[in-house]
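Colleague: okay, sequence plus prediction incoming.
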Amino acid sequence: NSFRSIVNLNMQLLGCNDNIDATYNSWGIASAAALETSIHHQVDDPALGLVDYSNAVVDVVLVDSSGAGDYLTIQEGVDAVTPGGMVSVAFGDYIGSVVIDKSLTLQGSGMGEEIHTGTRVFGDDFGPGVGNDVITVLADGVELSNMWIDGYSNAIGDRLGACIMFDQTNDGLVHDVFVHQAVHGIYSYFSNDLLVQNSIAEDCGIDLDNGGGMVFNNSTATVGDVGLGNTAQDCEGRGFLAMECSSITLRDNFAINCEVGFTASSATGPNLLQGNGASACNVGFLGESNNADVDFIDNNAINRPWHTSGISLYGNGTGTYNLTGNTTDGAGAAAYSLYVSPHTLAGSSDVHAVLRDNCFLNSNNGIFLDERGGTFNVLDLDLNGSLGGHNIIAGQAQYAVNLKRCNDPVDMTSTYWGTTDPLAIADRIFDFADDPSLGTVNAATPLVPAPDLRVDAVHRSVDYQVQIIVTGNPGDAFTIGASRSLGNWNTRYGTLSISQ
């Protein structure tokens, strides 16, 4: 039985000298001392019977650093609650090093940075022998929500390992959490069926080899969903990293100002990246050393002029990269829209990729194929638009396609080049015609006018202007439309409006 919001006593024996078996009930009270005061029985009057309230189910615990709850610290609440229960944490500041070893819900009161708008958990005062993560999850079925977590420890003068660490768990859930300034914002290690939604990782990671905003290592996870996407911003390393994952989906997430926005690395099973946006990242989307299929679908990358690429693909062994409906915009001078190389983390490997309905726009080089001495590797790119799904490649400052160090043929039949003039197209391609050691680009049957051109603005800044340049022939008809997908943006950064 459950007792909730009782004004006076949970149980009162009035003129009753019989003993009462009330074991295994939920009293809505965490501590034994407080529970005793809520029951009037033999302890209060020897003439009465005795209520046995042992083995109480503590399914709701209130933690409040001001002293108004059941406990002062999160760890005390976690230790007290019955498996499957809830630890509710009030506004205020709390010290981390929390270890969760049972199924429960840990729910804060908000993810705001200010003390009156958030439950703030700090990685500070960590002494010898204490864990190196702010919150460590060791049990299945744990839900974390509505908290602001800082991963920097003044005590050690450095970033901690992770704000949230899932260590060999199943069925975890994280939503509406802000993680900040750790090596890893959210880190999943050999964990399965983790769901992450509507959360933000800021200023996490050290470099490309150390950490990132949200990192999934040998795990299965669903990260984001339509309208429930996550954000990684200002991360020195990688915004979102899936490493040696057998199954992972990243959908409707956003990376801004990270070294690499999204990475699928060493996949052992299907990885799906769909509907994500990368803005002002050195590399928007990266696939490397994968031995399973990795699908990039309807993603968007906008680089800054000095950045490397919208999408980079490295050796993928037995897997295939499937790129459909992606848009990269090099903002006029980024090095590459699409960079392809056989190099892997362990040497070199073939690259297999199928590209349909992609837009490669406004970079120095559109598609750049670089074998870098790996002459025995095959760069197998299928860009044949006649098989369904025409690619658009336009606005490059130097070459639309550059086979810089690639001796493999590239079929780009039925591609939109912005022109149908064979000489003009040839002038935009660097291949066998320029260097006999290189492969040949097949640019037969160029398309005109352009197929449907989608331009997505993934910059999330005030008064951002989108310029759409329509290239075609005089008299061609076209339409311009506008739509929006806000995700969690309104809840944190205010209102987005679209003028057309």
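Modeller: In hand now; what should we look at?

Colleague: quick test: name the residue nearest the centre of the chain.
Modeller: The centre of the chain sits closest to F240, judged by Cα atoms, centre = their mean, with a distance of 4.7 Å.

Colleague: how about that residue, what does it touch?
Modeller: Under the criterion of Cβ atoms under 8 Å, 6 or more residues apart in numbering, the contact partners of F240 comprise 212-214, 223, 230, 232, 250, 253, 255, 261-263, 276. The way it works is simple: take the backbone N, C-alpha and C, and place the C-beta from them, glycine included.

Colleague: beta-bridge partners for it, please?
Modeller: On the basis of DSSP bridges, F240 is bridged to M214, F262.

Colleague: show the model's pLDDT score for it.
Modeller: Per-residue confidence for F240 comes out at a pLDDT of 97.

Colleague: can you tell me how far it is from D329?
Modeller: Here F240 is placed at a distance of 20 Å from D329 (Cβ to Cβ, to the nearest Å).

Colleague: would you put the C-alpha positions of the strand ranked longest in the chain in PDB?
Modeller: For the chain, the strand reaching the highest residue count under DSSP state E is reported as strand 327-340. The C-alpha atoms that make up strand 327-340 are tabulated as PDB, following Å, rounded to 0.1, in the frame of the first residue of the first chain:
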ATOM      1  CA  THR A 327      23.800  19.000 -47.900                       C
ATOM      2  CA  THR A 328      27.200  20.500 -47.400                       C
ATOM      3  CA  ASP A 329      27.900  24.200 -47.700                       C
ATOM      4  CA  GLY A 330      31.500  25.300 -47.600                       C
ATOM      5  CA  ALA A 331      30.600  29.000 -47.000                       C
ATOM      6  CA  GLY A 332      32.700  30.000 -50.000                       C
ATOM      7  CA  ALA A 333      36.100  28.700 -49.100                       C
ATOM      8  CA  ALA A 334      36.100  25.500 -46.900                       C
ATOM      9  CA  ALA A 335      38.600  23.000 -48.300                       C
ATOM     10  CA  TYR A 336      36.200  20.200 -49.400                       C
ATOM     11  CA  SER A 337      32.600  19.400 -49.500                       C
ATOM     12  CA  LEU A 338      33.400  15.700 -49.500                       C
ATOM     13  CA  TYR A 339      36.800  14.300 -48.700                       C
ATOM     14  CA  VAL A 340      37.500  10.600 -49.300                       C
END
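
Colleague: tell me the average confidence for it?
Modeller: If you average the pLDDT over strand 327-340, you get 83.

Colleague: tell me what that strand is packed against?
Modeller: Based on contacts counted as 3 or more Cβ pairs under 8 Å, 6 or more residues apart in numbering; DSSP states H and E, the elements that strand 327-340 packs against are strand 300-302, strand 309-313, strand 351-356, strand 359-370.

Colleague: who are the packing partners of the shortest one?
Modeller: The one in question is strand 300-302. Short answer (3+ Cβ pairs under 8 Å, 6+ apart): strand 300-302 packs on strand 277-279, strand 283-288, strand 309-313, strand 327-340.

Colleague: rebuild those as TSV, extending it with distance to I429 and mean neighbour count.
Modeller: Listed next are those as TSV, based on distance: least, Cβ to Cβ, whole Å; neighbours: other Cβ atoms under 10 Å:
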stretch	distance to I429	mean neighbour count
strand 277-279	27	28
strand 283-288	24	27
strand 309-313	19	28
strand 327-340	14	24
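
Colleague: closest to L144 out of these?
Modeller: Comparing these by their distance to L144 (Cβ to Cβ), the top pick is strand 277-279, with 24.9 Å.

Colleague: list the contacts of that closest one.
Modeller: Contacting residues not belonging to strand 277-279 are listed as 239, 253-258, 261-262, 284-285, 299-302, 310, 456, 458-460 [Cβ under 8 Å, 6+ apart].

Colleague: report the buried members of those.
Modeller: Buried subset of the contacts of strand 277-279 (neighbour count, 16 or more other Cβ atoms under 10 Å): 239, 253-258, 261-262, 284-285, 299-302, 310, 456, 458, 460.

Colleague: ok, so what distance separates the most far-flung residue of the chain relative to its centre from Y53?
Modeller: For the chain, the C-alpha lying farthest from the average C-alpha position belongs to A47; by Cα atoms, centre = their mean, that distance is 62.9 Å. In this view, A47 and Y53 are 19 Å apart by Cβ to Cβ.
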